[in-house]
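K.L.:
sequence-free structure coming up:
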C-alpha cells in the first residue's frame, strides 16, 4: 500500500527573531540543509515562524503592515523555501501569515514544499482567540501525498481542542500528522512549566493513542515580542507493547526543553495501525461517521446543555 514505512523526521524549538523575516528565513533554510545532511526526509517548523507570532497579534502593528508582510504562494519567501526543499531533497513545512492574492484575506497558514517543489498551504481552520482579529478561518483540511502515504497538517489550536480534524485525517489514511504550533508558557505564574506540559502533552498523547498515529510537533521557543514560547518540540507515536493496548512513545524531543535545538528520529509508520478504522468481527469498523453526522446535524451548536 505504501512505498515505504520508514521515515526520518525533524522537529525543532525555533527561536524567532521578532519581525525579522530575512533572518528567520535564512535560519529556516540553514536548519533544513543541516537536517537533510543528518538524513531527515522531512523537517517541520513552528507556527508563524517567518515573522514571529506576536507581530500579527500586536495592536501597534497596522493592518496594512500586516498585509504587506504576509506571504503569497508564489512570493519570494515561499519560492526560497521551495528551492531549499528541492536542493536538499527534503519536505519543509513552515508556519506563516498568508495573503490570498485574489481576495486580500489573511490566513494563519503552514506552507509545504518537497523534493519536487511547492506543494501547497494549509490554512488554520480554528484561529485562536486574538488571531481572529487579523486572519480569516480556513475551511479545508490539507493532506499531501508522499511515498509514506498521505501526510496531514493541523496548526496548534486545531490539534489541542478540536479532535475532529485529526480523526478526519486518520480516517483518510494519514499515519503522520504534523502540528506546527506557537504555544506560550505563562512564565509569570508559579508552576508554569507543569501547566504547559500538562496541557500540551496530554493533548498530543491522546491524539496519538486514540488514532494510533504519529504526531510531529514543532514549537517556538523563548521570547518573541511579548510572549514567551515553551518549546517542548517532539515526535510521539504508538509503541510496541506486550498487550494489545496502544501505548504512546516519545521518539524524539524533550518536552522539558526550552532551548533552541533540533530533534530527529527515524520511525516505523507501520506501527500507525489506525485500529478504529479496521473491520471488527461483524465486518464493520468501530468508527461510525454516519451516526456522528446524524447527531451533529440534529444539534444546535449555539445551545449548550444546562449543567
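P.N.:
Happy to help now that I have it. Because the structure is a prediction, the values reported are computed rather than measured.

K.L.:
just the helices in the stretch 201-307 of the chain please.
P.N.:
289-297 (DSSP state H, counting those that start in this stretch).

K.L.:
the stretch 1-150 of the chain now?
P.N.:
Per DSSP H, counting those that start in this stretch, the stretch 1-150 of the chain carries helices over the ranges 21-37, 54-57, 63-69, 76-88.

K.L.:
can you list those helices in CSV and add mean pLDDT and mean neighbour count?
P.N.:
C-beta here means a position set from N, CA and C on the backbone, and glycine is covered the same way. Compiled in CSV, the helices of the stretch 1-150 of the chain are given as follows (pLDDT from 0 to 100; neighbours: other Cβ atoms under 10 Å):
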stretch, mean pLDDT, mean neighbour count
helix 21-37, 98, 18
helix 54-57, 96, 22
helix 63-69, 96, 13
helix 76-88, 98, 19
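
K.L.:
low pLDDT regions in the stretch 201-307 of the chain?
P.N.:
Along the stretch 201-307 of the chain, the parts satisfying pLDDT under 70 run over 242-246, 301-307.

K.L.:
got the contact list for residue 249?
P.N.:
When contacts are counted by Cβ atoms under 8 Å, 6 or more residues apart in numbering, residue 249 is found next to 236-239.

K.L.:
report the buried members of the residues you listed.
P.N.:
With neighbours counted using 16 or more other Cβ atoms under 10 Å, these contain these buried positions: 236-238.

K.L.:
what about residue 104, neighbour count?
P.N.:
Residue 104 has 9 neighbours, counted by other Cβ atoms under 10 Å.

K.L.:
residue contacts, it?
P.N.:
Contacts of residue 104 were listed using Cβ under 8 Å, 6+ apart, and they are residue 67.

K.L.:
can you give me the strands in the protein?
P.N.:
All strands of the chain, identified by DSSP state E, fall at 6-13, 42-44, 91-99, 106-114, 117-123, 143-146, 149-153, 176-181, 214-219, 221-223, 228-230, 234-238, 248-253, 261-268.

K.L.:
avg pLDDT for the third one?
P.N.:
Model confidence over strand 91-99 averages 98 on the pLDDT scale.

K.L.:
and for the first one?
P.N.:
For strand 6-13, the mean per-residue pLDDT is 98.

K.L.:
just tell me which of the helices of the stretch 1-150 of the chain ends up closest to residue 98.
P.N.:
Put simply, out of those the one that sits nearest residue 98 is helix 76-88, at 8.8 Å, with distance taken as Cβ to Cβ.

K.L.:
need the strands of the chain in CSV (columns: distance to residue 69).
P.N.:
Putting the strands of the chain into CSV (distance: least, Cβ to Cβ, whole Å) gives the following:
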stretch, distance to residue 69
strand 6-13, 23
strand 42-44, 22
strand 91-99, 7
strand 106-114, 10
strand 117-123, 16
strand 143-146, 26
strand 149-153, 22
strand 176-181, 18
strand 214-219, 21
strand 221-223, 20
strand 228-230, 20
strand 234-238, 30
strand 248-253, 30
strand 261-268, 26
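
K.L.:
of all those, which lies closest to residue 276?
P.N.:
When these are compared (using Cβ to Cβ), the closest one is strand 234-238, at 12.6 Å.

K.L.:
the closest one pairs with which strands?
P.N.:
Strand pairing for strand 234-238, using DSSP bridges, gives strand 214-219 (antiparallel), strand 248-253 (antiparallel).

K.L.:
around residue 19, count how many other residues there are.
P.N.:
Neighbouring residues of residue 19 were enumerated by other Cβ under 10 Å; the total is 17.

K.L.:
list the contacts for it?
P.N.:
The contact partners of residue 19, taken as Cβ under 8 Å, 6+ apart, are 51-52, 55, 225.
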